[in-house]
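Novice: Pasted the sequence and its predicted model underneath.
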Amino acid sequence: MFSELEVQLTETIASEFGLGPDAGGVLASGGSLANLHALSVARNQAFDVHEGGLAGLDGEPVLFASEVAHTSLQKAAMLLGLGTDAVVAVETDANSRMKPSALNQAVQQAERDGLVPFCVVATAGTTTTGNVDPLPAILDVVDEHDLWFHVDAAYGGALVFSEAERDRLDGIEEADSVTFNPQKWCYVAKTCAMALFADLDVLEEDFRVGAPYMRGDDAIPNLGELSVQGTRRAEVLKLWLTFQHLGREGLGELIDESYRLIALIRDRVADQNVLELASEPEMNIVCFRAAPEWCPPNERDTLNGRLQRYLLSRQDVFVSLPTYRDSRWFRVVLLNPFTDKSTLDRLFDGIERFLEAERP
């Protein structure tokens, strides 16, 4: 029953991304495994190494991702025998979005160096700032060089359920594979992720390893033969129950409410010259920091560290403080559906009080 449910539900979600009538996928325990699965298929199809392995290749395979893409790509490359250096980092713009021109130059340079490009990974929802790579422009480069197009939409894939915001994913319908993580913005309990493929037959042709101890059934495939994991938990039940409970409309409302709150934060940051944005927010993540003129640039990381501790102890508000472009930034993730304007008011009131007390 769970196998049949997984087939139906992954096909339905693949159709939400517009991947076509032959699309489908399999569930995985996390986005890292989903990325590994997709890159395995991309590698096997490009080099026909499903059985013979990499030893006979004429050149070293490389793939391309933005310099802020998720580190699971390096892990996948390592596990696939390519090495972490096979992931070529592509320059991003001021908003952490991959530069298509830089991608094209990187592919051309790799070819001149005797390397063999086979895949481009675009990110729809970067880990730290939640930005989305320009998918249509990246697709132009992919098509020019005849490469596999994978979109890591682990976080941002949920946008397909918002009529108001789904156009941020324009171009994803042309992907060969997509990673999607409902355990993030779709509120499914961990773990629940999936690797989707525009042509499900590639799993049969370029990935499947048959298990002779399993009874064959053409109507209900043995998904353990088609996925990285053989024994798998029934993650699909949590996913199905979430859609039964919230539905497409409920998910859309939750996502749209996140954007309303993000706009409030964006306006509050813009109204205070002592604060600055790391990038323009595109999802329910916004990064900013205190950067008053009276604090020297080389002391601002320390200042924001003290501010983080103050907000937690005095305002009962926690925000993370990741390193982004060699500096520390507050990372606010509006994922809790009970977060409201009063919480944001408490956050910014605390910031104002702290900076006023710290001002020389």
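Specialist: Received the coordinates, thanks. This is a predicted model, so every value here is computed, not measured. Residues are numbered from 1 along each chain as shown.

Novice: Could you pull up the residues touching the nearest residue to Asn104 once chain neighbours are set aside?
Specialist: Among residues not flanking Asn104 along the chain, Val141 sits closest, at 4.8 Å (Cβ to Cβ, 6 or more residues apart in numbering). For glycine as for every other residue, the C-beta is placed from the backbone atoms N, C-alpha and C. Val141 makes contacts with 100, 103-104, 107, 120, 147, as judged by Cβ atoms under 8 Å, 6 or more residues apart in numbering.

Novice: which is the next helix or strand following the host helix or strand of Val26?
Specialist: For Val26, the element it lies in under DSSP states H and E is strand 24-28. Moving toward the C-terminus from strand 24-28, the first helix or strand encountered (DSSP H and E) is helix 31-47.

Novice: now that following helix against strand 24-28, angle please.
Specialist: Using axes from the mean of the first three to the mean of the last three Cα atoms, to 10 degrees, one finds that helix 31-47 and strand 24-28 are set 140 degrees apart in direction.

Novice: So for helix 31-47, mean pLDDT?
Specialist: Mean pLDDT, helix 31-47: 95.

Novice: Which strands and helices lie in contact with it?
Specialist: Other helices and strands packing on helix 31-47, by 3 or more Cβ pairs under 8 Å, 6 or more residues apart in numbering; DSSP states H and E, are strand 24-28, strand 61-66, helix 72-79, strand 116-123, strand 148-153, strand 177-180, strand 193-197, helix 201-206.

Novice: try it again with 6 Å
Specialist: helix 72-79, strand 177-180, strand 193-197, helix 201-206 (3 or more Cβ pairs under 6 Å, 6 or more residues apart in numbering; DSSP states H and E).

Novice: Please work out which of the ones you listed is packed deepest.
Specialist: Burial of those is given as mean neighbour count (mean count of other Cβ atoms under 10 Å); strand 177-180 ranks first at a mean of 30.

Novice: Just checking: what are the partner strands of that one?
Specialist: Strand 177-180 sits in its sheet next to strand 148-153 (parallel), strand 193-197 (antiparallel), going by DSSP bridges.

Novice: Could you check those strands and tell me which one is nearest Asn284?
Specialist: With Cβ to Cβ as the criterion, Asn284 lies closest to strand 148-153 of these, at 14.2 Å.

Novice: Just the C-alphas of the closest one, formatted as CSV.
Specialist: The C-alpha coordinates for strand 148-153 follow below in CSV (Å, rounded to 0.1, in the frame of the first residue of the first chain):
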residue,chain,number,x,y,z
TRP,A,148,22.0,17.4,-17.1
PHE,A,149,19.9,20.1,-15.3
HIS,A,150,19.3,19.4,-11.6
VAL,A,151,17.5,21.8,-9.3
ASP,A,152,18.0,21.6,-5.6
ALA,A,153,14.7,22.9,-4.5
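
Novice: Which residues does that strand contact?
Specialist: Applying Cβ atoms under 6 Å, 6 or more residues apart in numbering, the contact partners of strand 148-153 are 38, 42, 119-124, 142, 172, 175-180.

Novice: the inter-axis angle of that strand versus strand 61-66?
Specialist: 40 degrees.

Novice: between strand 148-153 and strand 116-123, what angle do the directions make?
Specialist: Using the same axes, to 10 degrees: strand 148-153 against strand 116-123 is 20 degrees.

Novice: How far away from the center of its chain is strand 148-153?
Specialist: Relative to its chain's centre, strand 148-153 lies at 10 Å (Cα atoms, centre = their mean, to the nearest Å).

Novice: do stretch 302-314 as well
Specialist: Using Cα atoms, centre = their mean, the offset of stretch 302-314 from its chain centre is 29 Å.

Novice: for it, what is the average pLDDT?
Specialist: Here stretch 302-314 scores 97 as its mean pLDDT.

Novice: Equivalent analysis for stretch 10-19, please.
Specialist: Per-residue scores along stretch 10-19 average to 96.

Novice: Buried residues in it, which are they?
Specialist: Using 16 or more other Cβ atoms under 10 Å as the test for burial, stretch 10-19 gives 10-11, 13-14, 16-19.

Novice: for those residues, which one is nearest Asp93?
Specialist: Lowest distance from Asp93 to those (Cβ to Cβ) belongs to Phe17, with 24.7 Å.

Novice: The closest one: what's it in contact with?
Specialist: By Cβ under 6 Å, 6+ apart, Phe17 lies in contact with 160, 172, 178.

Novice: Which of the helices or strands spans Leu264?
Specialist: With DSSP H and E as criterion, Leu264 is part of helix 247-271.

Novice: before we move on, back to that, output the buried residues of stretch 10-19 as TSV; include the columns secondary structure.
Specialist: TSV is the format used below for the buried residues of stretch 10-19 (DSSP: H, G, I helix; E, B strand; the rest coil):
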residue	secondary structure
Thr10	helix
Glu11	helix
Ile13	helix
Ala14	helix
Glu16	helix
Phe17	coil
Gly18	coil
Leu19	coil
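
Novice: re earlier: mind giving me a markdown table with the strands paired with strand 177-180 and columns for distance to Leu334 and mean pLDDT?
Specialist: Converted to a markdown table, the strands paired with strand 177-180 look like this (distance: least, Cβ to Cβ, whole Å; pLDDT from 0 to 100):
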| stretch | distance to Leu334 | mean pLDDT |
| --- | --- | --- |
| strand 148-153 | 18 | 98 |
| strand 193-197 | 21 | 96 |
